[in-house]
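**Student:** Return a 3D structure for these sequence lines:
(2 chains)
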There are 2 protein chains.
Amino acid sequence: MWEVHSSDKIRIKDIAERAGVSVGTVDRVLHNRPNVSAKARTQVETVLKEINYQPNIYASALAYNRKYTFCCLLPEHDSNAYWTVVEKGLRQCILNRSDFHLSLFTEYYDQFDEDSFSAAARRMADMQPDGFVIVPQEMEATSRFCSELRERGIPFVFLDSHIPQLEPLAFFGQDPLKSGYFAGRIFMMQAAGAERILLMKLMSKGRVASSQQAFREVGFRQYLAEHFPACEVVELALQIDEEELHESRIQACLQSHPDLRHCITFCSRAYILGEYFRRHSLKGFHLLGYDMVEKNAKCLDEGAIDFLIAQHPWKQGYNSVKALFNHVVLKRAVQQENYMPLELLTAENYIYYTADEK
Amino acid sequence: MWEVHSSDKIRIKDIAERAGVSVGTVDRVLHNRPNVSAKARTQVETVLKEINYQPNIYASALAYNRKYTFCCLLPEHDSNAYWTVVEKGLRQCILNRSDFHLSLFTEYYDQFDEDSFSAAARRMADMQPDGFVIVPQEMEATSRFCSELRERGIPFVFLDSHIPQLEPLAFFGQDPLKSGYFAGRIFMMQAAGAERILLMKLMSKGRVASSQQAFREVGFRQYLAEHFPACEVVELALQIDEEELHESRIQACLQSHPDLRHCITFCSRAYILGEYFRRHSLKGFHLLGYDMVEKNAKCLDEGAIDFLIAQHPWKQGYNSVKALFNHVVLKRAVQQENYMPLELLTAENYIYYTADEK
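**Tutor:** So this is what the prediction gives:
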């Protein structure tokens, strides 16, 4: 039999005895109150260090009874997009801490417009918040804003994309290079015999619609180069704001390459292809995509998507706010780099994917 | 911009005003203290219901300052087995609640000896604990013990295996049938062309060494029957306590079936085969197994295992204690059925698997 106790903690009385001071003095040192001699403070702090004292931080923070404001900068999105799941996580973390006085304000910016990011950031910073959750935009605009936050002593957490040199308090997201490499491993297990494969890219204003998409492709092409150097990649670029052209573009691409059967995309809209296959009753196609948005899940269920790689957006949101809360409110240490799992989902296991998200 | 606040809560003063009583009366009703007239109590309770009052349960529980004892019944195991990860989760949940006075006592039983389970259960029940975490043994012994707990009003949580008709407070574990079916999907993607495959079974005292193993095989064979009815399953039974015979048994099996290349096992010791392949420098073998124990992880890294299906044992342990804590200490509602994700791990993604377990 083994035992573990949450209550094997040393009492204030024990600390006072060991330090040779009064209980009141220990209490004043612990709560950073004045009227303690330098000598007594040193004596108490030495004992606290020796015994590796863990204060009852939750109770202390509750007693402090302050209001805290957090702000969040997210890309604009429609209501059934990936980002709405992030938002649910952000929200839930605030609601789960109803013993505290927390508020979270969220603003959206245009991913392809630096000025939009800077303007939204400006509006939020003027609220004098206690912390920020930021989905980084372009390097320059993000860097400029984070420097300002650092000068003002406002901690910030990066969500989705990491820019390590800006030294956020914490980062939550997937490693896109590793993710693309992993996608290659799984995808090529099915496509091993294929001469060519289809890579569908979602574009906006002349470039791929997210940096994650671009980096995943790099990881994927690395896997291909290492294991299937002869495999040809046929690219199909679909414009995010030209939905009416998707149908004809896909059709043209499949007609010029009638042997294509294995399709991959690094955006969250694999369903564009999946729904096309369903509409035209095309059989024998294999498809790997990203993210458990509703339309993708439906395609999984119907067999129009084989695999989705998922990255726990709910947890990214939840844990980003939690990191701010732990740092700002509880004064707890926070782990800086938090890479999310690379989750492989199929029709058989996806229902359990979000089992522990609540 | 949207906002969310943890502090949109109504104050005692507002309740008193609405109910037409004093603040002191509201306080007495909220804390179940005497000296409140039946009429005043009804008035306050009506308002509380109307506004869907959520008490500050964490602070209330802290103020109550009681000691709680939980007990846990686990199968015996060696130190690098699957169960040690469960134990780490159990332990951590207690340690993370250092604001409370919690103790957890754990006893082991022999999985193949009902008397051993009943004796361990007896010893723990005599401690008068506030709750139990139980890895169920045989139906009869488990049922007998759980009936006793129910009569005595002691809540119990099942870990690993579910017996729904015993109505535990909560269950944490994988669905073994779904898990085996999923294993079939992934495994047969590689083995699609094979005439026969190898199924390695870990045996103890004449039967497979765990009920999970048996149920996963059922799910797997269902997948085979539906999609690959012609595929032959060659069984290799290894006795858990005859390690010295494993080498010759494996050798004999591979010699009688020289075309075997695709191997699967539903126990946590795929490394027995993986290490055999390494020792004999056998190439071209594919292997799927279960659970991220250290030796399996090493085989993944070295390419001797292709896939592991994992089930978050740390979270199973952590969440089982958390469910008891929420129910017993915080009086919070607890979700009963908690099926763990079916995690597919490869050499490329396994390092992120436990990212959020701390």
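**Student:** what's next to stretch A:291-309, contact-wise?
**Tutor:** The contact list for stretch A:291-309 (C-beta atoms under 8 Å, 6 or more residues apart in numbering or on different chains) reads A:80-82, A:85, A:179, A:182-183, A:186-187, A:190, A:268-271, A:274-275, A:277-278, A:285-290, A:310-311, A:313, A:342-347, A:350, A:353-354. Heads up, the C-betas are built off the backbone N, CA and C, glycines and all.
**Student:** restrict the residues you listed to those near chain B?
**Tutor:** Subset of the contacts of stretch A:291-309 in contact with chain B: A:182, A:186, A:190, A:342, A:343, A:344, A:346, A:353, counting by C-beta under 8 Å from any C-beta of the partner chain.
**Student:** sorry, back to before: just checking, which of the contacts of stretch A:291-309 belong to strands?
**Tutor:** A:286, A:287, A:288, A:289, A:290, A:310, A:343, A:344, A:345 (DSSP state E).
**Student:** ok so, going back, narrow the contacts of stretch A:291-309 to those that are buried.
**Tutor:** Buried subset of the contacts of stretch A:291-309 (neighbour count, 16 or more other C-beta atoms under 10 Å in any protein chain shown): A:81-82, A:85, A:179, A:182-183, A:186-187, A:190, A:268-271, A:274-275, A:277, A:285-290, A:310-311, A:313, A:342-347, A:350, A:353-354.
**Student:** Redo the ones next to chain B among the contacts of stretch A:291-309 as a markdown table? Include pLDDT.
**Tutor:** A markdown table is the format used below for these (pLDDT from 0 to 100):
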| residue | pLDDT |
| --- | --- |
| A:182 | 96 |
| A:186 | 94 |
| A:190 | 90 |
| A:342 | 92 |
| A:343 | 92 |
| A:344 | 94 |
| A:346 | 94 |
| A:353 | 87 |
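**Student:** so how many other residues sit close to residue A:258?
**Tutor:** For residue A:258, the count of nearby residues is 7 (other C-beta atoms under 10 Å in any protein chain shown).
**Student:** can you check residue A:242 too?
**Tutor:** When counting by other C-beta under 10 Å, one arrives at 10 neighbours for residue A:242.
**Student:** Check residue A:174 too.
**Tutor:** 29.
**Student:** Report the contact partners of it.
**Tutor:** Shown in contact with residue A:174 (C-beta under 8 Å, 6+ apart): A:212, A:311, A:339, A:340, A:342.
**Student:** so the third one bridges to which residues?
**Tutor:** It stands for residue A:339. Judged by DSSP bridges, the bridge partners of residue A:339 are residue A:173.
**Student:** Going by the annotation, which residue ranges form each domain of chain A?
**Tutor:** Domain assignment of chain A by automatic domain parsing yields the ranges A:12-55, A:63-173+A:313-340, A:176-310.
**Student:** that older thread, and of the ones in strands among the contacts of stretch A:291-309, the nearest to chain B?
**Tutor:** Distance to chain B, by C-beta to the nearest C-beta, is smallest for residue A:344 among the ones in strands among the contacts of stretch A:291-309, at 4.6 Å.
**Student:** now the helices for the stretch 151-300 of chain A?
**Tutor:** A:176-191, A:211-227, A:243-256, A:271-279, A:294-302 (DSSP state H, counting those that start in this stretch).
**Student:** Quick check: nearest residue in space to residue A:114, chain neighbours excluded?
**Tutor:** Once flanking residues are discounted, residue A:114 sits nearest to residue A:141: 4.4 Å by C-beta to C-beta, 6 or more residues apart in numbering or on different chains.
**Student:** Confirm for me that that neighbour is in contact with residue A:119.
**Tutor:** No - using C-beta atoms under 8 Å, residue A:141 is not in contact with residue A:119, being 10.2 Å away.
**Student:** Run through the neighbouring helices and strands of the host helix or strand of residue A:118.
**Tutor:** For residue A:118, the host element (DSSP states H and E) is helix A:114-125. Applying 3 or more C-beta pairs under 8 Å, 6 or more residues apart in numbering or on different chains; DSSP states H and E, we find helix A:114-125 packed against strand A:67-75, strand A:101-109, helix A:139-151.
**Student:** Any chance of a markdown table for these, columns mean neighbour count and mean pLDDT?
**Tutor:** A markdown table is the format used below for the helices and strands packed on helix A:114-125 (neighbours: other C-beta atoms under 10 Å in any protein chain shown; pLDDT from 0 to 100):
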| stretch | mean neighbour count | mean pLDDT |
| --- | --- | --- |
| strand A:67-75 | 22 | 94 |
| strand A:101-109 | 20 | 93 |
| helix A:139-151 | 16 | 95 |
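**Student:** Nearest to residue B:254, out of those?
**Tutor:** Nearest to residue B:254, of all those, is strand A:67-75, at 54.4 Å by C-beta to C-beta.
**Student:** strands paired with the closest one, and their directions?
**Tutor:** When pairing is defined by DSSP bridges, strand A:67-75 lines up against strand A:101-109 (parallel), strand A:131-134 (parallel).
**Student:** Now do that strand against helix A:114-125, angle only.
**Tutor:** Computed with axes from the mean of the first three to the mean of the last three C-alpha atoms, to 10 degrees, the direction of strand A:67-75 lies at 170 degrees from that of helix A:114-125.
**Student:** And the contacts of strand A:67-75?
**Tutor:** Here strand A:67-75 has contacts from A:83, A:86-87, A:90, A:94, A:100-111, A:117, A:120-121, A:124-125, A:127-135, A:321, A:324-325, A:328-329, B:7, using C-beta under 8 Å, 6+ apart.
**Student:** low-confidence ranges in chain A?
**Tutor:** Within chain A, the stretches with pLDDT under 70 are A:6-10, A:52, A:54-59, A:63, A:80, A:355-358.
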